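Trainee: model the structure of this input:
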Amino acid sequence: MTRQERADHVLQRLGQLYPQPAIPLDHEDAFTLLVAVLLSAQCTDVRVNQVTPALFQLGRTPAALAAAPLDKIAAIIRPCGLGPQKAKAIKELSGILLAEHHGQVPASLEALERLPGVGHKTAQVVMAQAFGVPSFPVDTHIHRLAQRWGLTTGKSVLQTERDLKRLFPKESWNRLHLQIIYYGREHCTARGCDGTACEICRTCFPKRHKPTRTWKA
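Mentor: Next up is the predicted model:
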């Protein structure tokens, strides 16, 4: 298979498995999504979803979280890890949204990336899932799968992002990003598949898969 043929197969198969993938982080609007994605850094989506109800009860708008005591924010989000840093970022970005964006999350990648605690991947997730702008957020998990499936040789997530954008049609990016995440969690995990076990790995690289030999007495 060529790289493009592998990409075409991935697109078709993931479309069959996950035709309408849901956003795994619970949220109500662009702001609560932004906060949830920020919290998900080095943390599972399950844990974030356990924490955000209490956080959003404290405040679910930039005005409310900008006014909330920093120690209360940090105490609530402590289970997500990096509590002090994330709490400071949430409070500061809430204030910036009030001061510079009329209390709204900007639909601009550049403006999002200037917010405290918001990196390129987080900004792309918000652009894709809150505003429907074609984006291809690549985290370490998507980076790993893209390499495993022979879709990139990039040594960084940014290079992988560029390679994936060249291989897949633009209208598929937002959906495909989620589909790859779900497949990686359910079928092609870091420890559960070594590049030979899951269906997509076996199809993309059949020579890697060595069938178990049947011995005859």
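Trainee: so what pLDDT did residue 215 get?
Mentor: We have a pLDDT of 43 for residue 215.
Trainee: can you check residue 211 too?
Mentor: At residue 211, pLDDT is 53.
Trainee: in the longest helix anywhere in the chain, what counts as buried?
Mentor: Counting residues, the longest helix found in the chain (DSSP state H) is helix 83-100. By 16 or more other C-beta atoms under 10 Å, the buried positions in helix 83-100 come out as 83, 86-91, 93-98. Where you see a C-beta, it was placed from the backbone N, CA and C, and this is true even at glycine.
Trainee: for the nearest residue to residue 141 once chain neighbours are set aside, what are its contacts?
Mentor: Residue nearest to residue 141 in three dimensions, not counting chain neighbours: residue 184, with 5.1 Å by C-beta to C-beta, 6 or more residues apart in numbering. Listed by C-beta atoms under 8 Å, 6 or more residues apart in numbering, the contact set of residue 184 reads 141-142, 144-145.
Trainee: repeat for residue 3
Mentor: Residue 3 touches 150-151, 167, counting by C-beta under 8 Å, 6+ apart.
Trainee: do the same with residue 201
Mentor: 148-149, 188, 193, 195, 208-209.
Trainee: confidence-wise, which of those comes last?
Mentor: Among the contacts of residue 201, pLDDT bottoms out at residue 209, giving 60.
Trainee: same question for the longest helix of the chain, mean pLDDT?
Mentor: Average pLDDT, helix 83-100: 97.
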